[in-house]
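Student: 3D model of this:
(2 chains)
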Amino acid sequence: MRVSQMFMPTLREVPAEAEIPSHQLMLRAGLMRKLASGIYSFLPLGYRTFRKIEQIIREEMNRAGAQELIMSALLPAEAYQASGRWEVFGPEMFRLKDRHSRDFCLGPTHEEIFTEIVRNEIRSYRALPLTLYQIQTKYRDERRPRFGVMRSREFVMKDAYSFDRDEAGLDISYRKMYEAYCRTFDRCGLNYMVVEADSGAMGGSGSQEFMVKSSVGESVIAHCEACGYTANEEKAECVPEAYCPEGNNCGSELPLEKVATPDVKTIEELVGFFNCSSKEFAKTLIYKADDRVVAVMVRGDRDVNETKLQNYLGCVELEMADEETVERATGAIVGFAGPIGLNAELNIELIVDPEVTLMKNFIVGANETGYHYKNVNYERDFKASVIKDMRNIVEGDKCPKCGGSIKLTRGIEVGHIFKLGTKYSKALNCVYLDEQGKEVPMVMGCYGIGVNRTMAAIIEQNYDENGIIWPMTVAPYHVIIVPVNTTDSVQMETAEKMYNDLCSAGIEVLIDDRDERPGVKFKDADLIGIPIRITVGRKAGEGIVEYKLRKYKDIKELKIDEAVNEAIGEVKSALKNQP
RNA sequence: CGGGGUGUAGCGCAGCUGGUAGCGCACGUGGUUUGGGACCAUGGGGCCGCAGGUUCAAGUCCUGUCACCCCGACCA
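Tutor: Numbers count the residues shown, from 1 in each chain, chains lettered A, B, ... in the order given. So this is what the prediction gives:
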């Protein structure tokens, strides 16, 4: 491809709207342009990389025995109404009506549609196991699209669904997908980790996320270097920490005491008022879970993990209770909630983090405006409906597996695999007949990879101050030939010859034949991140050109044929993982 | 959805107490250049987000509205 002919609108300056490196570079390198918030057009250079990522995914899916198909993005409401997700998705789903006022949506994910087609077409155990996938555009009306393509409203996802006879079969299908994912992300040149994840509203028995380590990642990952335990923040189990401040008699329980604490509502204010650490309080938070009111207690310095809470409660909606509900539940204004004397009529479930039961003589709200209790002790003064881990893990916590020290890092979630079990097959009656002729629900798994996000993640891990540094496997072109002076016929002839030689060797080559100053060409070549650059300059007359890899600084002078062979060798060895 | 911010040329921005819009880059033309985003000359490009209002006069003041960005909440 001739750069002079190419639609490649690079930008010298950083667009004001872009915050993170991948977003800035995707705009600057002319890979994409924004159409609306969270909606982007991919331009030729960007689309080439996009398709290469898709192709890697496709090859690895096929290698794992999955079969590709494609479904519509425009879907009738009934498919989601049967599973209940027409409601569950809420405003996140783009909805529309056809001319007959029938409800449709733009598919946010396709469990129902795959389940339905398998239900309709598969009857016998002989047809199982079966894994199907598609690489298709998804639509989600995100509350807050963010960071360019990292969280967008239209995006391409590879979604795969496995159907097995039983759990053992699912384990095998799941394992195959796990391995395919590792191969896929390895081939994309990503440094990633696999974390234990919450299966959340998807239901099912297990789930893992593929996380690309990055400071701009939206997910927090807890990791133990000692034993390798890795889980995301939502899932990470917390080990209760006993805390005994000096001067607090942790051995014996002191008599319960009510203390007037006018206008002291927040933990910070309490710390000031009682002149002690936030670890000596237990906070009681009132939540609305669907139609129920529940109370959750964690130590004063901890945060409630709402994912854990929601999983325990099994509710669809979970939110902090509004002021009115808090007043009804506690009999006090917000800020004085506690475990003792909650409104009995509301039958409030009291969920207590195990850490609270280790505390002695601590402080809680008195459920009376302007008062707190001190010297509170679990069991003696109140009892939990249930004692269950309900807090967020923090840096330095004990590892739940080995007791080592937990570190927190950030990651970009590029892939997620789930063991769904029979949640959808039961709801949608997706059954097969076993050897005995008995109807059995299929055991399902689902497996997603965000293609756009993977592309952004690759950039986040592969750039420098001059631009993108594409791994060979996903680079839009392998080689860029830069004739320094287009008016020099020797340089141009040399460049053209190398261009032809490389093209006929099957290498994807750009030739920067623009009548631009060399600085401009070098800057653009660096910005768009082509892995190999061959510069044809002064020494072209002596048959010498310069050979440089984007990821390294050093430049080699080579004879023309040597440079061509070197480039071919470099490309072939980098792509040798192809099936 | 709450908080904050920004909308002026393709991109980045300036425009004060109101007087009919400017800079850099990019773009067209001519020339000189050619090893890390050249230089000279010249030219084109604007519904100042949109709608009301105040005023003799609004990019500027007031009201509303929309869009976009950031933080938070939320997220199969």
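Student: and the helices in the stretch 401-550 of chain A?
Tutor: Assigned helices in the stretch 401-550 of chain A, in chain order: A:423-427, A:451-461, A:489-504, A:518-528 (criterion: DSSP state H, counting those that start in this stretch).
Student: residue of chain A closest to RNA strand B, please.
Tutor: A:Gly537 (1.5 Å; CB to the nearest atom of the strand). C-betas here are computed from N, CA, C, even on glycine.
Student: tell me the phi and psi of that residue?
Tutor: Here is the backbone geometry of A:Gly537 (degrees, to the nearest 10): phi -130, psi -140.
Student: show the pLDDT at it.
Tutor: We have a pLDDT of 94 for A:Gly537.
Student: any idea how far it is from A:Ile481?
Tutor: A:Gly537 sits 11 Å away from A:Ile481, going by CB to CB, to the nearest Å.
Student: the two: which is more packed in?
Tutor: A:Ile481 (27 against 17; other CB atoms under 10 Å).
Student: distance of that one relative to A:Leu502?
Tutor: For A:Ile481, the distance to A:Leu502 - CB to CB - is 8 Å.
Student: okay, and the common contacts of the two?
Tutor: With contacts defined as CB atoms under 8 Å, 6 or more residues apart in numbering, the residues adjacent to both A:Ile481 and A:Leu502 are A:Val509.
Student: for A:Tyr287, what are its contacts?
Tutor: A:Val293, A:Val294, A:Ala295, A:Val296, A:Leu309, A:Leu318, A:Glu319, A:Met320, A:Ala321.
Student: from those, list the buried ones, please.
Tutor: By neighbour count, with 16 or more other CB atoms under 10 Å, the contacts of A:Tyr287 hold A:Val293, A:Val294, A:Ala295, A:Val296, A:Leu309, A:Leu318, A:Ala321 as buried.
Student: go back to these and keep what's next to RNA strand B.
Tutor: Restricting the buried ones among the contacts of A:Tyr287 to those adjacent to RNA strand B (criterion: CB under 7 Å from any atom of the strand) gives A:Leu318.
Student: among the buried ones among the contacts of A:Tyr287, which lie within helices?
Tutor: Using DSSP state H, A:Leu309 are the members of the buried ones among the contacts of A:Tyr287 that sit in helices.
Student: which one of the buried ones among the contacts of A:Tyr287 sits closest to A:Ile387?
Tutor: If you rank the buried ones among the contacts of A:Tyr287 by distance to A:Ile387 using CB to CB, A:Val296 comes first, at 11.5 Å.
Student: which residues touch A:Phe89?
Tutor: Counted by CB under 8 Å, 6+ apart, A:Phe89 has contacts A:Tyr80, A:Pro108.
Student: check it and give its pLDDT.
Tutor: 83.
Student: now do it against A:Met359, distance only.
Tutor: As judged by CB to CB, A:Phe89 and A:Met359 stand 40 Å apart.
Student: now A:Gly506
Tutor: From A:Gly506 to A:Met359 the distance is 69 Å (CB to CB).
Student: Serialize the buried ones among the contacts of A:Tyr287 to JSON lines and add fields for pLDDT.
Tutor: Shown next, in JSON lines, are these (pLDDT from 0 to 100):
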{"residue": "A:Val293", "pLDDT": "88"}
{"residue": "A:Val294", "pLDDT": "90"}
{"residue": "A:Ala295", "pLDDT": "91"}
{"residue": "A:Val296", "pLDDT": "92"}
{"residue": "A:Leu309", "pLDDT": "88"}
{"residue": "A:Leu318", "pLDDT": "80"}
{"residue": "A:Ala321", "pLDDT": "83"}
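Student: in JSON lines: the buried ones among the contacts of A:Tyr287, plus distance to A:Ser277.
Tutor: Formatted as JSON lines, these follow (distance: CB to CB, whole Å):
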{"residue": "A:Val293", "distance to A:Ser277": "30"}
{"residue": "A:Val294", "distance to A:Ser277": "27"}
{"residue": "A:Ala295", "distance to A:Ser277": "23"}
{"residue": "A:Val296", "distance to A:Ser277": "21"}
{"residue": "A:Leu309", "distance to A:Ser277": "25"}
{"residue": "A:Leu318", "distance to A:Ser277": "29"}
{"residue": "A:Ala321", "distance to A:Ser277": "27"}
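Student: domain-wise, how is chain A divided?
Tutor: Domain ranges of chain A: A:49-71+A:108-236+A:408-459, A:257-387, A:467-574, per automatic domain parsing.
Student: up against RNA strand B, what does the stretch 301-450 of chain A have?
Tutor: Near RNA strand B, when you scan the stretch 301-450 of chain A using CB under 7 Å from any atom of the strand, you find A:Glu306, A:Thr307, A:Gln310, A:Leu318, A:Glu319, A:His416, A:Phe418, A:Cys446, A:Gly448, A:Gly450.
Student: can you give me the end-to-end span of stretch A:401-410?
Tutor: End-to-end distance of stretch A:401-410 (CA to CA, to the nearest Å): 21 Å.
Student: what mean pLDDT does it have?
Tutor: On average, the pLDDT along stretch A:401-410 is 91.
Student: distance from that stretch to the middle of the chain?
Tutor: Stretch A:401-410 has its C-alpha centroid displaced from the chain centroid by 20 Å (CA atoms, centre = their mean, to the nearest Å).
Student: hmm, who's touching it?
Tutor: By CB under 8 Å, 6+ apart, stretch A:401-410 touches A:213-227, A:229, A:233, A:236, A:239, A:393-399.
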